[in-house]
Structure formats: C-alpha cells, structure tokens
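[1] here is my input; please provide its structure:
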Amino acid sequence: MTIYACSSNEGKLREILLAARECGRTDVIIAPLPDLARIQPPEEIGATFEENSSAKALYYSRFTAEPVLADDSGLAVDALNGAPGIYSARYAGPEATDEDNNNLLLRDLGPEAQRHARFVCVLALAQSGRILTSARGVIEGEILLEPRGSGGFGYDPLFFYEPLGRTFAELTPEEKCQVSHRGRALRCLFSHPPEIPG
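    Numbering: from 1, shown residues only. You can find the predicted model right below:
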C-alpha cells in the first residue's frame, strides 16, 4: 500500500518513514505526493490544527487515487497565549526561515520566567475526498533562552525535553521519533490503520 505524504518538508518525511518502520508496517510505502511542487497549496484558514490537517488532506486527495497523509503541527507557548500555534511555520512571515521564527519567538517571550510549551501534531489520512482517519500527538517541554543542538528542524533547538535532558535538536532522529508529538501521532495512526478502499 502506498500513502502519499502532502509535504515537501524533508524533516517531516523522514519522521513519517521512521515511524512506519518502527511500527513494523513493511506493507506501507511512504512517498511524497507526485508533482507536489507544481500543485498550488491550499489556503490554511482553519482555526485549529485539526481543521487545517483535514482541509489539506481532502484537498490533496483530489490529485491521486491513493490515500494521502496531511500534517498540521506547531508550537504552543503558554506565556504567549498559545502562540505561535497554527501559525508556527509562518510566525515571522510567509517566507520565514526556521531561524527567523526562532528569533522572533525568543524576542516575543523575552526573559519570561514561565516558559512552558507544547508541540502539537494532528495528522489526517484521506482518499478520494473522504477523511479515513486522524491522529493527534502532544509533547510538553520548556523554551530555552537560546538554541541548542544542530539536528531536527523548526523550533527543535529551543524545545527542551526534561525527561531526556536535551532539546529536540540534540536528539537522534530515532530518539526524537520515540517521544515527539509527530512520532506519537504517527504511531497511533500506523498501529490502528483504517481500511483502505481498493
């Protein structure tokens, strides 16, 4: 069975493949949606991760007969009332880099003593205009005063995970997949897959 991932983010694609392998799903082939770069992305107008992931999955399911997997994820910081939230990827603007977003987060948070945050990931699997299933994963952590580590992507260098004593950017891909929001959502999805219409 082939599942097409609706993302060009190489970090996300690696985590999807790793989670499928860890769940023993050797029958599942994960591949980027063909010609994804040529498809005009949908406007993300949902108010929640759930709304955005479902909308993306339904939209991209129009371009293939195979099931498609869409992801909407981000960082929610308590002291910023849940920001950047659904705007995490474009927090510093539509063309923002990871570094831009991290720098803005640190400026907005300032010396705030309460730095609790959580990563949230919601996945939606769709086929032929119908949602087959969805899964949600959440992980709690703290935002550091400065980045640490060179791995991962997004806000990983700032996200400190207390049980392992490291940021997500200091973890190996395998370690991160075991504890991350996306890893949790993916394991839920791959461990309890829906019936895929033939």
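[2] only C-alpha atoms for contact and neighbour calcs from this point on.
    Noted.
[3] report the mean confidence score over the longest strand along the chain.
    Looking across the chain with DSSP state E, the single longest strand is strand 130-143. The average pLDDT within strand 130-143 is 96.
[4] what are the pairing partners of that strand, and which direction each?
    Using DSSP bridges, the strands paired with strand 130-143 are strand 116-127 (antiparallel), strand 159-161 (antiparallel).
[5] need the contact partners of the first one.
    The set of residues that contact strand 116-127 without belonging to it, under C-alpha atoms under 8 Å, 6 or more residues apart in numbering, is 49-50, 53-54, 57-58, 61, 65-79, 131-143, 180-182, 185-186.
[6] just the CA trace of it, in PDB.
    C-alpha atoms of strand 116-127 as PDB (Å, rounded to 0.1, in the frame of the first residue of the first chain):
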ATOM      1  CA  HIS A 116       6.300  26.000  29.400                       C
ATOM      2  CA  ALA A 117       5.200  25.000  25.900                       C
ATOM      3  CA  ARG A 118       4.000  22.000  23.900                       C
ATOM      4  CA  PHE A 119       4.400  20.700  20.400                       C
ATOM      5  CA  VAL A 120       1.100  19.500  18.800                       C
ATOM      6  CA  CYS A 121       0.700  17.400  15.700                       C
ATOM      7  CA  VAL A 122      -2.500  16.400  14.000                       C
ATOM      8  CA  LEU A 123      -2.500  14.000  11.100                       C
ATOM      9  CA  ALA A 124      -5.300  13.300   8.600                       C
ATOM     10  CA  LEU A 125      -5.500  10.500   6.200                       C
ATOM     11  CA  ALA A 126      -7.800  11.000   3.200                       C
ATOM     12  CA  GLN A 127      -8.700   9.300   0.000                       C
END
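[7] roughly how far is it from the heart of the chain?
    Centroid separation for strand 116-127 versus its chain: 6 Å, with C-alpha atoms, centre = their mean, to the nearest Å.
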